[in-house]
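Chemist: missing the sequence, but the structure's below:
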């Protein structure tokens, strides 16, 4: 367990839901904070009677969503100017960026929802969504769905496996990409089926 996470656990015991909210908020903004492990730990503490599980869920979901929205608007309003100032504006016109932008625009639901399960992917997708000026209502809808699913999954793990949540902490970082990929595949298949039914 990292020193940072241990110190965050102390803050979690001291300031409870406010700490959990801040961890998830800043993790969604791209700061390297252990949001998923913190949610697992908070849910484990809730099952042991130290915290309220409903307040844990609300704090984590609210922090994630507000962080996502803040990052989206920050990048959408200031991103091009900042990139231009640092001399990176030319990268927005490269084929690689256009390919990534096209992928996000084409597969909005699976990309936005699945990326919520991996903190690095969350930040990257939020930045691309802001730079690509993705429709905000759609962005908000998909991230709300994704963040609720993500918090419910990690909180359920922490709540059910409360006695061994520290072992889960070690596994979560390794499985985050696998969970995100599985979610993306599942959502893509499900959405394709829905579209085919609608077109019949």
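Modeler: Yep, that arrived. If you're wondering where the values come from, they're calculated on a predicted model, not measured in any experiment.
Chemist: what mean pLDDT does the helix or strand containing residue 9 get?
Modeler: Element membership for residue 9 (DSSP states H and E) is helix 3-15. In this model, helix 3-15 has a mean pLDDT of 80.
Chemist: for the chain, what are the low-confidence residue spans?
Modeler: Residues of the chain meeting the criterion pLDDT under 70: 1-2, 80, 82-107, 168-200.
Chemist: let me see the contact set for the closest residue to residue 122 other than its chain neighbours.
Modeler: Counting by CB to CB, 6 or more residues apart in numbering, the nearest residue to residue 122 once its immediate chain neighbours are dropped is residue 115, at 5.3 Å. Just so you know, the C-beta spots here come from the backbone N, C-alpha and C atoms, and that holds for glycine as well. By CB atoms under 8 Å, 6 or more residues apart in numbering, residue 115 lies in contact with 121, 122, 124, 125, 146, 180.
Chemist: and residue 41, how many neighbours does it have?
Modeler: By other CB atoms under 10 Å, 27 other residues sit near residue 41.
Chemist: that one contacts residue 13, doesn't it?
Modeler: No. Applying CB atoms under 8 Å, one finds residue 41 not in contact with residue 13, separated by 9.9 Å.
Chemist: would you list every one of the helices in this structure?
Modeler: Ranges of helices in the chain, per DSSP state H, are 3-15, 17-28, 35-47, 53-86, 95-106, 108-115, 119-131, 136-160, 165-199.
Chemist: and for the closest residue to residue 17 other than its chain neighbours, the neighbour number?
Modeler: If the residues on either side of it in the chain are set aside, residue 17 comes closest to residue 59, at 4.0 Å by CB to CB, 6+ apart. The tally of other residues near residue 59 (other CB under 10 Å) stands at 25.
Chemist: residue 59 is in contact with residue 24, isn't it?
Modeler: Yes. Residue 59 is within contact range of residue 24, at 7.4 Å (criterion: CB under 8 Å).
Chemist: quick check: neighbours shared by the two?
Modeler: In contact with both residue 59 and residue 24: no residue, using CB under 8 Å, 6+ apart.
Chemist: residues in contact with the closest residue to residue 51 other than its chain neighbours?
Modeler: Leaving aside its chain neighbours, residue 51 sits nearest to residue 45 (4.8 Å; criterion: CB to CB, 6+ apart). By CB under 8 Å, 6+ apart, residue 45 lies in contact with 12, 13, 51, 162.
Chemist: repeat that for residue 156.
Modeler: residue 43.
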